[in-house]
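# Predicted model, plus sequence, below.
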Amino acid sequence: MALTKSDIVVAVHELGFTKKKSVDVIESLLEIIKKALETSEDVLISGFGKFCVKQKSSRRGRNPATGQDLILRERRVVTFKCSGKLRNKINGMGHSA
């Protein structure tokens with residue numbers, strides 16, 4: 001099961017914020033991140049990770065349903081690299097603060 005935006009809003013609400021303030025805070029945070037990524041700025045969140053925009057060249061591909069060859073256009077993609085602290089936490093190694 002995935003953690004959804006509404007799950008995050010509920011968690012913020014449980015910290016003592018009103019429901020509306022919780023929604024506003026999460027929406028504002030996501031807008032800030034989206035605007036930075038739109039302009040190819042990296043987003044670094046200490047202790048969590050780094051979102052980067054990478055340029056991908058056009059390349060040959062294949063439609064998996066039909067097997068037909070095609071050319072995938074040049075595009076930008078968002079990548080995420082987790083921090084060492086998060087990686088250790090995920091792997092149950094230590095109690096990094």
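Looks like it came in fine.

# buried residues in the host helix or strand of residue 20?
Here residue 20, judged by DSSP states H and E, is contained in helix 19-38. By neighbour count on 16 or more other C-beta atoms under 10 Å, the buried set for helix 19-38 is 22-23, 25-26, 37. C-beta coordinates here come from the backbone N, C-alpha and C atoms, glycine included.

# so where do the helices sit in this protein?
5-13, 19-38, 84-90 (DSSP state H).

# Number of residues surrounding the closest residue in space to residue 90 that isn't next to it in sequence?
Distances taken as C-beta to C-beta, 6 or more residues apart in numbering put residue 82 closest to residue 90, at 7.4 Å, once the chain neighbours are dropped. By other C-beta atoms under 10 Å, the residues close to residue 82 number 14.

# same question, residue 67
That count, for residue 67 with other C-beta under 10 Å as the rule, works out to 7.

# how far away is it from residue 58?
Counting by C-beta to C-beta, to the nearest Å, the gap from residue 67 to residue 58 is 20 Å.

# Ok, residue 2 next?
31 Å.

# Tell me which residues of stretch 42-50 come out buried.
43, 49.

# how many other residues sit next to residue 92?
7.

# distance of it from residue 44?
On the measure of C-beta to C-beta, residue 92 and residue 44 end up 24 Å apart.

# picking up where we left off before, could I get the helices of the chain as JSON lines with mean pLDDT and distance to residue 51?
Output for these, formatted as JSON lines (pLDDT from 0 to 100; distance: least, C-beta to C-beta, whole Å):
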{"stretch": "helix 5-13", "mean pLDDT": "97", "distance to residue 51": "16"}
{"stretch": "helix 19-38", "mean pLDDT": "97", "distance to residue 51": "6"}
{"stretch": "helix 84-90", "mean pLDDT": "94", "distance to residue 51": "13"}
